[in-house]
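Participant: Got a predicted structure plus its sequence, pasted below:
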Amino acid sequence: MAKKLLEIKNLKQYFNEGKKNEVRAVDDITFDIYKGETLGLVGESGCGKSTTGRTIIRLYNATGGEVIYDGIDVHNKKSKKDLKMFNRKMQMIFQDPYASLNPRMKVLDIIAEGLDIHGLVKGTKERTARVNELLETVGLNREHANRYPHEFSGGQRQRLGIARALAVEPEFIIADEPISALDVSIQAQVVNLLKELQEEKGLTYLFIAHDLSMVKYISDRIGVMYFGKLVEIGPAETLYTAPLHPYTQSLLSAIPLPDPNYERNRVRKGYDPKSHKYLDDEEVTMREVTPGHFVLCSQREFDSFKKA
Amino acid sequence: MEKVIEVKNLELSFHTFAGEVKAIRGVNFEVNKGETLAIVGESGSGKSVTTKSIMRLLPESSTEFKNGEILFGGKDLLKISEKEMQKVRGKDISMIFQDPMTSLNPTMPIGRQIMEPLLKHQKLSKADARKKSIELLGLVGMPKPELRMKQYPHQFSGGQRQRIVIAVALACNPKLLIADEPTTALDVTIQGQILELMKDLQQKIDTSIIFITHDLGVVANVADRVAVMYGGQIVEVGTVDEIFYNPQHPYTWGLLSSMPSLDAAEDKLYAIPGTPPDLLAPPKGDAFALRSEYALKIDLEQTPPMFKVSDTHYAATWLLHPDAPQVDPPVGIVERMKTFPGSRYYTGNAGGAN
């Protein structure tokens, strides 16, 4: 198995902690991300998948748990210098290409911001050259550098977001619903671009989305979240062909497919958390059913999964 | 079959600072009684503008109807006065919008919002309207409707809000329901529930639906017929099976190919190259030609007419002209065509359709 790039251990993110309206957005989740892979994270809105991404990159301070990147704990107290090093290795692409680019900055300055902060280029000439190079990498051209974000379409803006993330030569990119705001035909363009870049630069992705068919297409492994918990994680193929957790099954049965015959005969499965009938003394944890395929279950359920 | 609405040769422009945007360039379609017509296409293709012009919801100051008519119940909706139009909206034709967060009034209890069309159009008494509203809430699957009547939109989840919007839209048993991306803002699981609900209610009150979406999976689920729009025109129209299993227009091929399938492990996703056309200066000929690898020389010069494929299936592409060269669609599309009797790739034993 490939090298672990990122270990997430018992990560917790509670909002309004200790108050009456406490929200356990991310509740004790543990998983690893291997070097060079794409891990897809799916679940319905409000299940905590975006919060997980944002906590990993330290946009929020975690309530508990550890995020270990290449052997170093990210959430520990850190000097500014260490933090800067870390920020260079990990970058994020946001969902809304309209809101994540500063409308008052030129594309040149948006993309070069990271370069300036990290002192990666010397002089205007090198700076412009590097930005032009990045624009070409994402399929835009150098004339675009002097424009403002409003002059671009949604797909082009998402390309700018990708160029900005790539500027500091990161190893790991968190893509938080990068294609949800785009049209079908443009989605395919952006997904292909992300895949090409991964092959070229050996990037690792955490790909957060609720479009399951796209996630299946881009991911090597997939994690499914439900109400702040990771309920199932495993290789993409296994998860789609043999989902074990009833929530995963329900989610998969809901994907609309562009095939009228299939749609006419579809059976949609519901999910009721009460259907597990957990007893008070049962320990519900992640258990490995087949190698690499973990499911949140009780010992009783685990035994029945094993038998099947 | 009885036609509920007929749109004929609709042409419409917006006047903006940048110039005249030719948003709709000759659109024809009709919706039959009790059927669901899905209009698909990417943003800017004119699908929302088409339906907004049916409802006359476009800003009058900047919109110019250049040509065409919208026939509904023997009247041309483009010619009647605003006052008459108000009697149509919410009564004969109602609309469900994309975003249930913004289409409800946040300062009004939802009960009053459902009662509004009942009081205005059906002239019910307050008590009767209240009763009917509770009934409607029950119909759209809201638990404890009496209690919920007094609550405000922010006390509901996204899926519940969309149910309320549907209740408002169906209050007066409209002849035509226009749903503009009603499930785009929702999760797959909730989306499934809302689609089931809409299909269910359609049968109960026998209404026709125009369903706008860019999600082909949703189209396959709800539609009886499909119209594919591109660059302000309908480029292909047919029954749902004809569009999905025997598509003819290269743009429809592109749309279908860019959806990843769950079982096949493609290496690379097909992406339609380029960007949608600029309707400030619409391209000559077939608007899609510039992005299409199947474009013929004539595509750049003359706009293709609608060629007939079957009685229900028409497509605007020169590829269907008798003199056009025979081209093979992308592999995935040929696979689809193999299962469709009547397509030239039909293999006889309906393979994939199980």
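Facilitator: Sure, I can see it.
Participant: can we go C-alpha only for contacts and neighbour counts from here?
Facilitator: Will do.
Participant: Check for me that residue B:100 belongs to a helix.
Facilitator: No: counting by DSSP: H, G, I helix; E, B strand; the rest coil, one finds residue B:100 to be coil, located in no helix.
Participant: Give the phi and psi angles for it, as a check.
Facilitator: Phi and psi for residue B:100, reported as degrees, to the nearest 10, are phi -70, psi -10.
Participant: Setting aside sequence neighbours, what's the nearest residue to it?
Facilitator: Nearest residue to residue B:100, sequence neighbours excluded (CA to CA, 6 or more residues apart in numbering or on different chains): residue B:162, at 5.2 Å.
Participant: With chain A as the reference, measure out to that neighbour.
Facilitator: 15 Å (CA to the nearest CA, to the nearest Å).
Participant: Quick check: which element contains that residue?
Facilitator: Assigned by DSSP states H and E, residue B:162 belongs to helix B:158-170.
Participant: Repeat that for residue A:125.
Facilitator: helix A:123-137.
Participant: Check which helices and strands the helix holding residue B:162 is in contact with.
Facilitator: Helices and strands touching helix B:158-170, as assessed by 3 or more CA pairs under 8 Å, 6 or more residues apart in numbering or on different chains; DSSP states H and E, comprise strand B:93-96, helix B:110-121, helix B:126-139, helix B:188-205.
Participant: Quick check: residue A:286 is in a strand.
Facilitator: Yes: according to three-state DSSP, residue A:286 belongs to a strand.
Participant: so who does it touch?
Facilitator: A:231, A:232, A:294, A:295, A:296, A:297 (CA atoms under 8 Å, 6 or more residues apart in numbering or on different chains).
Participant: Same question for residue B:174.
Facilitator: Applying CA under 8 Å, 6+ apart, the residues contacting residue B:174 are B:90, B:91, B:92, B:93, B:94, B:207.
Participant: what's the distance between it and chain A?
Facilitator: For residue B:174, the distance to chain A - CA to the nearest CA - is 26 Å.
Participant: Now that residue. Nearest residue, chain neighbours left out?
Facilitator: residue B:92 (4.4 Å).
Participant: Tell me, please, where in chain B the pLDDT is lower than the cut-off.
Facilitator: Applying pLDDT under 70 to chain B flags residues B:262-267, B:348-354.
Participant: Enumerate the residues of it near chain A.
Facilitator: Neighbours of chain A within chain B, by CA under 8 Å from any CA of the partner chain: B:42-43, B:187-189, B:192, B:214-221, B:240-241, B:244, B:254-256, B:258-262, B:265-266, B:268-273, B:353-354.
Participant: For ChimeraX, write the select line for the buried members of those residues.
Facilitator: A single ChimeraX command selects the buried members of those (16 or more other CA atoms under 10 Å in any protein chain shown):
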select /B:42,43,187,188,189,192,214,215,216,217,218,219,220,221,240,241,244,254,255,256,258,259,260,261,262,269,270,271,272
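Participant: What is the burial count for the residue nearest to residue B:100?
Facilitator: 28 (other CA atoms under 10 Å in any protein chain shown).
Participant: need the contact list for it.
Facilitator: With CA under 8 Å, 6+ apart, residue B:162 has these contacts: B:100, B:182, B:194.
Participant: Quick one: residues contacting residue B:316.
Facilitator: B:234, B:235, B:236, B:249, B:304, B:305, B:306, B:307.
Participant: What are the structural domain limits within chain B?
Facilitator: As assigned by automatic domain parsing, chain B contains the domains B:32-55+B:178-354, B:96-171.
Participant: quick revisit: my read: the residue nearest to residue B:174 touches residue B:170, true?
Facilitator: No: counting by CA atoms under 8 Å, residue B:92 stays clear of residue B:170, with 9.8 Å between them.
Participant: The two: which is more packed in?
Facilitator: Neighbours per residue (other CA under 10 Å) separate residue B:92 from residue B:170, with residue B:170 holding more: 28 against 19.
Participant: gap between the more buried one and chain A?
Facilitator: 25 Å.
Participant: Excluding chain neighbours, what is closest to that residue?
Facilitator: residue B:94 (7.4 Å).
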